[in-house]
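*Asks:* predicted model follows, preceded by the sequence.
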2 protein chains.
Amino acid sequence: MHALLQHMAQFTTLSPQLAEELRQRAHHHCFRKHDLLHPADTVCRRTYWIQQGLVRIYFNKDGKIVTDGFAAENQWMTSAYSFMRGVPDPYAIAAIEPTEAYSLSLEDLLHLFDRFHEMERFGRVIMSAQFMEQSERLNSLRFTSPAEKYQHFCTHYRPILARLPLGMVASYLGITPETLSRVRAKG
Amino acid sequence: MHALLQHMAQFTTLSPQLAEELRQRAHHHCFRKHDLLHPADTVCRRTYWIQQGLVRIYFNKDGKIVTDGFAAENQWMTSAYSFMRGVPDPYAIAAIEPTEAYSLSLEDLLHLFDRFHEMERFGRVIMSAQFMEQSERLNSLRFTSPAEKYQHFCTHYRPILARLPLGMVASYLGITPETLSRVRAKG
DNA sequence: GGTATTTTTTGATTGTAATCAAGTAGCGCC
DNA sequence: GGCGCTACTTGATTACAATCAAAAAATACC
């Protein structure tokens, strides 16, 4: 829990009152490998902050599993649309490694946003960061060859690269495992 | 100016003090067709809210102009990376039609975020909305054929579709003008 | 530790949209 | 209103990664 507060303190001032409310509201979770943080076609009720471990979000596209993103230590993960709108969506979130996490519900978040200016600040800053990251990804998807996509992935995900099977990386990059295998064979 | 305040009031409570500060700080602009709101390779110092008209953001990729986005009435436009980081970037923003806009500098924004919880709220809500929109675009780019991309564009940009030349739409969708022309010929 | 299953590699073929190339239409501007 | 330019359309060819197929390697599980 302390680690989550430390993480948040990087982006906003953390008053003792806010820290206390976070301590009261956040849930603690331990997931084993392959456990689901969120099953497909259900409402994703919580947003998870990963203290230790590695998770992925994915969905089933015509019988194939497509990975949509990863989150490791100090990152947030949720099925954004489902979480924000309170509706089911096809995404699922599963642990790739044994994972320890803290989570907040939408109600918790909205309450904290209302009550604490500094929490609202945190929300804004995190959303901006996610937005900028997603922009980069969009540009990579749009303008680069499979080799460059992989290159880009390597530089941005170095810390977790070795922990991921090739197939997941390929579908995240929007290329086939065969193509990624060939790309890797050359580099 | 009143219209900007109305727009903001949709997403946050707008105290008289905040409204007053906005009135004082926002700049008003009129652009003629082809005018640059922001030239390439300079720092984008302001974020623009479009009251009337239509603008686009684009950059030069190997001699070809690639359109990266549009903004029409009630939308915001800036070169995000340059604006947030205060560094030059290759994007330019130009008016497609005569355009009336209001703008804020980064300093204005940061000041308002600090001083007004409700402004911070507005920032968070707008960033979330942009993020969700961008997610949809990313999925469209990633998983759909040229015909579906165009379909998706038509449903999401109906109001401005007729105001845009085909070439801009094509490069926004990440396909060639030739391909878009053929897609349109069939539908 | 050995078998079964999944993941990755390697190879051959195909499909789709990009590129190359002209021609036509639309529009801005004097 | 006509000239010149840009935008759009249409056609032929090419390139690249997807798909199909199968073998090899890695991993899971009893």
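*Replies:* That came through fine.
*Asks:* residues in chain A within reach of DNA strand C, list them.
*Replies:* A:165-167, A:177-178, A:180-182, A:184-185 (CB under 7 Å from any atom of the strand). Any C-beta I mention is one placed from the backbone N, CA and C, and that applies to glycine too.
*Asks:* what sits against the residue lying closest to A:S103 once chain neighbours are set aside?
*Replies:* Distance criterion CB to CB, 6 or more residues apart in numbering or on different chains; nearest residue to A:S103, sequence neighbours excluded, is A:R46 at 4.0 Å. Going by CB atoms under 8 Å, 6 or more residues apart in numbering or on different chains, A:R46 touches A:27, A:38, A:78, A:83, A:103-105.
*Asks:* kindly recompute the last result at 10 Å.
*Replies:* A:26-27, A:29, A:37-38, A:77-79, A:83, A:101-106, A:108-109 (CB atoms under 10 Å, 6 or more residues apart in numbering or on different chains).
*Asks:* with A:G86 instead?
*Replies:* A:43-45, A:106.
*Asks:* how close does it get to A:S145?
*Replies:* 40 Å (CB to CB, to the nearest Å).
*Asks:* and the longest helix along chain A with chain B, contact?
*Replies:* Longest helix in chain A by number of residues (criterion: DSSP state H): helix A:117-143. Yes. Contact of helix A:117-143 with chain B (CB under 10 Å from any CB of the partner chain) involves A:117-139, A:141-143.
*Asks:* any chance you could map the helices in chain A?
*Replies:* Under DSSP H, chain A gives helices at A:2-9, A:16-25, A:80-85, A:106-115, A:117-143, A:146-161, A:166-173, A:177-186.
*Asks:* spell out which residues of chain A are next to DNA strand D.
*Replies:* A:145-147, A:174-176, A:178-179.
*Asks:* closest to chain B out of those residues?
*Replies:* Set against chain B, the nearest of those by CB to the nearest CB is A:G174 (5.0 Å).
*Asks:* thought the closest one was touching A:L138?
*Replies:* No. A:G174 is beyond contact range of A:L138, at 11.1 Å (criterion: CB atoms under 10 Å).
*Asks:* any common contacting residues for those two?
*Replies:* Joint contacts of A:G174 and A:L138 (CB under 10 Å, 6+ apart) are B:138, B:141-142.
*Asks:* beta partners of the residue positioned nearest the centre of chain A?
*Replies:* In chain A, the centroid-proximal residue (CA atoms, centre = their mean) is A:M77; its distance is 3.2 Å. Taking DSSP bridges as the rule, A:M77 bridges to A:Y48.
*Asks:* out of the contacts of A:R46, which are buried?
*Replies:* A:26, A:29, A:37-38, A:77-79, A:83, A:101-104, A:106, A:108-109 (16 or more other CB atoms under 10 Å in any protein chain shown).
*Asks:* just flag the most distant two among the residues you listed.
*Replies:* A:A26 and A:S79 (18.6 Å; CB to CB).
*Asks:* any idea how far A:L164 is from A:I175?
*Replies:* Taking CB to CB, one finds A:L164 at 14 Å from A:I175.
*Asks:* with A:E100 instead?
*Replies:* 32 Å.
*Asks:* more neighbours, these two?
*Replies:* Neighbours were counted for A:E100 and for A:I175 using other CB atoms under 10 Å in any protein chain shown; A:I175 has more, 18 against 15.
*Asks:* pretty sure that one contacts A:P146?
*Replies:* Yes. In terms of CB under 10 Å, A:I175 counts as a neighbour of A:P146; the distance is 4.7 Å.
*Asks:* and stretch A:92-99, end to end?
*Replies:* 16 Å (CA to CA, to the nearest Å).
*Asks:* give me the buried positions along it.
*Replies:* Result for stretch A:92-99 [16+ other CB under 10 Å]: buried residues A:92-97, A:99.
*Asks:* need those in TSV with pLDDT, can you?
*Replies:* Shown next, in TSV, are those (pLDDT from 0 to 100):
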residue	pLDDT
A:A92	97
A:I93	97
A:A94	97
A:A95	96
A:I96	96
A:E97	94
A:T99	96
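*Asks:* which two among those residues are spaced furthest apart?
*Replies:* Farthest pair in the buried residues of stretch A:92-99, by CB to CB: A:A92 and A:E97, 16.5 Å.
*Asks:* where are the low-confidence patches of chain A?
*Replies:* Within chain A, no stretch has pLDDT under 70.
*Asks:* report how many residues lie close to A:Q51.
*Replies:* A:Q51, neighbours per other CB under 10 Å, totals 19.
*Asks:* show me what contacts it?
*Replies:* A:1-4, A:7, A:28-30, A:73-74, A:99-102.
*Asks:* quick check: A:Y172 touching A:F70?
*Replies:* Yes. Using CB under 10 Å, A:Y172 is in contact with A:F70, at 7.3 Å.
*Asks:* who touches both of the two?
*Replies:* Contacts common to A:Y172 and A:F70, judged by CB under 10 Å, 6+ apart, are A:56-58, A:157, A:164.
*Asks:* ok so, going back, of the contacts of A:G86, closest to chain B?
*Replies:* Among the contacts of A:G86, A:L106 lies closest to chain B (CB to the nearest CB), at 12.1 Å.
*Asks:* identify the residues contacting the closest one.
*Replies:* A:43-47, A:78, A:83-86.
*Asks:* go with 8 Å
*Replies:* Residues counted as contacts of A:L106 (CB under 8 Å, 6+ apart) are A:45, A:47, A:83-84, A:86.
*Asks:* figure out the length between the terminal residues of stretch A:55-71.
*Replies:* Stretch A:55-71: ends 5 Å apart by CA to CA.
*Asks:* and it, what's buried?
*Replies:* Buried, per 16+ other CB under 10 Å, within stretch A:55-71: A:55-59, A:66-71.
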